[in-house]
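[1] Below is the sequence, then the predicted model.
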Amino acid sequence: MKTNYECDAHKRYFVFASMNESGQPGGLHKVGNHRALFHRFLTTLAPDSQIAVESVRNWYWMIDEMEEAGQNPLLIHAEKAKLMI
């Protein structure tokens with residue numbers, strides 16, 4: 001069963017939330033806000049995992065790291081994402 005993720009960027013860390021294909025929430029993973037830690041975590045995920053990322057100020061390097069780690073990032077407009085909740 002495939003797992004999808006959402007990446008929430010904070011000033012000092014990232015929080016990854018997971019959900020399986022049937023919509024069941026998985027665990028939360030807190031990752032330190034350092035490029036090497038971010039990349040290392042991404043490599044622990046199944047290849048080609050879809051990861052939703054809000055279009056925050058520094059999204060471009062996050063997308064680059066996700067693609068380099070073999071993941072499938074999906075850039076989401078921050079204001080529209082809040083309306084979906």
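    That came in fine, so what should we check first?
[2] Give me the neighbour count for A46.
    By other Cβ atoms under 10 Å, the residues close to A46 number 9. Yep, even glycine has a C-beta here, placed from its N, CA and C like the rest.
[3] Quick one: residues contacting it.
    Residues near A46 by Cβ atoms under 8 Å, 6 or more residues apart in numbering: K2, T3.
[4] what's the answer for the one 4 residues further on, then?
    For Q50, the contact set (Cβ under 8 Å, 6+ apart) comprises N4, Y5, Q71, N72, P73, L74.
[5] the strands in the chain, which residues?
    3-9, 13-20, 25-32, 50-54, 72-76 (DSSP state E).
[6] Pick the one among the contacts of Q50 closest to T43.
    Nearest to T43 out of the contacts of Q50 is Q71 (Cβ to Cβ; 9.0 Å).
[7] Show me what E54 is bridged to.
    According to DSSP bridges, the partner residues bridging E54 are I76.
[8] picking that back up, now the strands of the chain as a markdown table including mean pLDDT and distance to Y60?
    Formatted as a markdown table, the strands of the chain follow (pLDDT from 0 to 100; distance: least, Cβ to Cβ, whole Å):
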| stretch | mean pLDDT | distance to Y60 |
| --- | --- | --- |
| strand 3-9 | 91 | 12 |
| strand 13-20 | 93 | 15 |
| strand 25-32 | 93 | 18 |
| strand 50-54 | 92 | 10 |
| strand 72-76 | 92 | 9 |
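[9] List buried members of the contacts of Q50 by neighbour count.
    The neighbour count (16 or more other Cβ atoms under 10 Å) marks N4, Y5, Q71, P73 as buried among the contacts of Q50.
[10] one step back: pick out whichever of the contacts of Q50 sits closest to E21.
    For these, the nearest to E21 is N4 (7.8 Å; Cβ to Cβ).
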